[in-house]
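S.K.: How does the following fold in three dimensions:
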Amino acid sequence: MAKKTTSTKKSKFSKETYLTWYESMLLMRKFEEKAGQLYIQQKIRGFCHLYIGQEALVAGAMSTLTENDNMITAYRDHAHPLAKGVHPNAVMAELFGKVTGCSKGKGGSMHIFDKEKNFFGGHGIVGGQVPLGAGIAFADKYKGNKNVTLCYMGDGAVRQGAFHEALNMAMTWKLPVIFVIENNQYAMGTSVERTSNVTDLNKLALAFDMPNEQVNGMACEPVHEAFERAVERARNGEGPTLLEMRTYRYKGHSMSDPAKYRTKEELEDYKTMDPIENALAVIKDKKYATEAQIKEIQDRVKAQVKESVDFAEESEFPKAEDLYKDIYVQEDYPFLRD
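M.R.: You can find the predicted model right below:
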């Protein structure tokens with residue numbers, strides 16, 4: 001279990017960093033809360049996996065990256081593109097299945113994508129994004145640039161063979177990729193302890209002699225520091241890192257999951273470690289913002305979420321004839337229909 005984090009007197013992080021973390025995480029949280037409400041109203045359909053409670057894993061990473069760095073993740077993928085700068089309107093419209101969505105309404109909740117922001121999904125197959133993350137990093141190494149790829153996955157994905165194959169190849173070729181295990185304790189409804197002899201998942205990197213860390217994922221500070229070390233290694237040509245982020249999701253695996261496999265006491269314990277409340281506590285303690293300025297941030301986030309919903313509501317659904325578009329690069333591909 002992650003340790004509780006409280007405000008401290010000394011900090012290596014600036015006022016601007018804390019304010020950015022707070023606003024970024026608050027947008028993720030409010031966006032996800034609204035998505036949950038809209039799902040119940042059947043305005044968002046299919047599967048829907050919320051990121052509530054895990055926001056620090058992305059916010060803490062973004063403060064170590066450049067806009068040219070890449071990110072790829074699994075199907076719990078709404079917060080990551082928001083952090084990467086994808087407009088909330090485009091993400092919400094995609095959840096609605098509208099043509100103005102960042103995947104043109106064809107991806108839905110699990111397949112968010114934005115090439116311009118170097119966000120490569122959003123993948124519904126468990127562990128399917130792990131070798132893809134290694135491949136993106138290989139492309140950057142081949143081109144000779146200094147870009148880094150962050151490849152997120154859940155704790156259940158480490159049971160997949162492709163995970164181990166990707167780590168072996170990444171370490172052998174010293175690829176600039178950071179593999180991030182979002183260990184929220186449960187793979188769907190099954191605890192890590194029931195499915196793995198190794199419960200410190202960062203140790204899975206030892207088979208490949210890969211640098212690795214286990215990190216408190218409930219606060220931006222340790223997340224940032226771990227990514228900072230991993231990013232530096234990757235940019236210096238020293239290869240990949242495996243980071244196990246110990247975190248917790250406050251909602252079920254998906255909107256259809258009542259989460260009866262865990263106790264109310266466990267959930268409430270982790271809620272005392274809320275990463276957003278932690279960042280806000282530091283901001284107030286150090287007087288980085290007045291109450292009026294904090295409310296201004298909250299109002300700005302509320303307005304962004306409302307705008308995204310209005311935009312999605314007003315947008316059109318894709319046309320039936322668009323079904324075969326954006327499938328193949330070759331526009332006159334001959335095998336689309338019989």
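S.K.: Show me the strands in the stretch 51-200 of the chain, by range?
M.R.: Using DSSP state E, counting those that start in this stretch, the strands found in the stretch 51-200 of the chain span residues 70-72, 149-154, 177-183, 186-187, 190-191.
S.K.: Next, name the residue at the spatial heart of the protein.
M.R.: residue 80 (3.9 Å; Cα atoms, centre = their mean).
S.K.: List the contacts of the nearest residue to that residue once chain neighbours are set aside.
M.R.: Once flanking residues are discounted, residue 80 sits nearest to residue 73: 5.1 Å by Cβ to Cβ, 6 or more residues apart in numbering. Any C-beta I mention is one placed from the backbone N, CA and C, and that applies to glycine too. By Cβ atoms under 8 Å, 6 or more residues apart in numbering, the contact list for residue 73 reads 80, 121-123, 129, 151-153.
S.K.: Any stretches of the chain with poor pLDDT?
M.R.: In the prediction, the chain carries residues with pLDDT under 70 at positions 1-11, 336-338.
S.K.: Pull out the buried positions in the lengthiest helix in it.
M.R.: Across the chain, the longest stretch assigned as helix under DSSP state H is helix 15-40. Residues 17-32, 34-36, 38-39 are the ones in helix 15-40 that count as buried (16 or more other Cβ atoms under 10 Å).
S.K.: just to revisit the earlier point, highest neighbour count among the contacts of residue 73?
M.R.: The most crowded member of these, judged by other Cβ atoms under 10 Å, is residue 151 (28 neighbours).
S.K.: what sits against that residue?
M.R.: Neighbour list for residue 151: 72-73, 129-130, 132-134, 137, 177-180 [criterion: Cβ under 8 Å, 6+ apart].
S.K.: Going through those, which ones are buried?
M.R.: 72-73, 129-130, 132-134, 137, 177-180.
S.K.: can you count the residues close to residue 120?
M.R.: Using other Cβ under 10 Å, residue 120 is surrounded by 21 other residues.
S.K.: can you check the one 4 residues further on too?
M.R.: Taking other Cβ under 10 Å as the criterion, the count of residues near residue 124 is 17.
S.K.: my guess is it meets residue 75, correct?
M.R.: Yes. Contact criterion Cβ atoms under 8 Å: residue 124 and residue 75 qualify, at 5.1 Å.
S.K.: so residue 282 makes contact with residue 18?
M.R.: Yes. With contact taken as Cβ under 8 Å, residue 282 and residue 18 are classed as touching, separated by 5.6 Å.
S.K.: anything in contact with each of residue 124 and residue 75?
M.R.: By the contact definition Cβ under 8 Å, 6+ apart, residue 124 and residue 75 are jointly contacted by 47, 110-111.
S.K.: mind listing the helices for the stretch 51-200 of the chain?
M.R.: Using DSSP state H, counting those that start in this stretch, the helices of the stretch 51-200 of the chain run over residues 56-62, 79-84, 88-96, 129-143, 161-172, 192-195.
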